[in-house]
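Undergrad: here are the coordinates; sequence isn't available:
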C-alpha cells in the first residue's frame, strides 16, 4: 500500500535517478564547456554518483516489493555514504589554510598505471594541491560542498523511500 500524499516508490527512485543524471550532466558541462578539469577526488565523486544513479534506475525499473525496496534503499545509502566520504574529504582539503595544502601530485592515470590499486587509492584520498583549489562557486559554495549536500539529500531520500510502507 502506498503512503498517502507521496508518489510511488518507483516514481521517487526515477526522480532520484534524474537528479543524479542532471548532476553528472552539469559535471560534464563544467569540464567540457567551462574548461574546469576534474581533480582525482572529483572523479571519485562522479563514480559514486554514477553508482547511486544505477541503483536508483534499477530500483525504478524493477519496482520491488517491501523487502526489495529496503535492499535498494540500503544499496543507495551505501553509494551515498561513499560519495559523502569522498566529497567530505574534498571539502576538508579546500578548507585548509594555504600553507597546509598538500603539494600537487601526479595525475590519476599515472597513479593507477604505476602503483598497486591500494597504494594509488591511498594517494588519491590523501589529496593533493589541485583538489584544494576552488575553481567554481555558486551562492558562495564550492562544487564539492554542493556535491556533498546532494549526496546527503539523495542518500537520505533513497533510504527513506526504500524503507517506507
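TA: Perfect, I can see it now. What you see is a predicted model, and the numbers here were worked out from it, not measured in a lab.
Undergrad: ok, which stretches of the protein are strands?
TA: 137-138, 141-142 (DSSP state E).
Undergrad: any chance of those in TSV, with mean pLDDT and distance to residue 158 too?
TA: C-beta here means a position set from N, CA and C on the backbone, and glycine is covered the same way. Output for these, formatted as TSV (pLDDT from 0 to 100; distance: least, Cβ to Cβ, whole Å):
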stretch	mean pLDDT	distance to residue 158
strand 137-138	85	24
strand 141-142	91	23
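Undergrad: Point out the other elements, helices or strands, that the longest helix that the chain contains touches.
TA: In the chain, with assignment by DSSP state H, the single longest helix is helix 66-95. When contacts are defined as 3 or more Cβ pairs under 8 Å, 6 or more residues apart in numbering; DSSP states H and E, helix 66-95 packs onto helix 9-32, helix 40-62, helix 129-132, helix 143-163.
Undergrad: go again using 6 Å as the cut-off
TA: Applying 3 or more Cβ pairs under 6 Å, 6 or more residues apart in numbering; DSSP states H and E, one finds that helix 66-95 contacts helix 40-62, helix 129-132, helix 143-163.
Undergrad: Next, the angle helix 9-32 makes with the first one.
TA: When you say that, I think you mean helix 40-62. In terms of direction (axes from the mean of the first three to the mean of the last three Cα atoms, to 10 degrees), helix 40-62 departs from helix 9-32 by 150 degrees.
Undergrad: Show residues contacting helix 40-62.
TA: Here helix 40-62 makes contact (Cβ atoms under 6 Å, 6 or more residues apart in numbering) with 10, 13-14, 16-17, 20, 24, 27, 72, 75-76, 79-80, 82-83, 86-87, 90, 108, 124, 131, 147.
Undergrad: returning to that earlier point: the helices and strands packed on helix 66-95: which one's closest to residue 117?
TA: Closest to residue 117 of the helices and strands packed on helix 66-95, according to Cβ to Cβ: helix 40-62, at 13.2 Å.
Undergrad: per-residue confidence for residue 74?
TA: On the pLDDT scale, residue 74 is placed at 96.
Undergrad: and the gap between it and residue 161?
TA: Distance of residue 74 to residue 161, computed by Cβ to Cβ, to the nearest Å: 12 Å.
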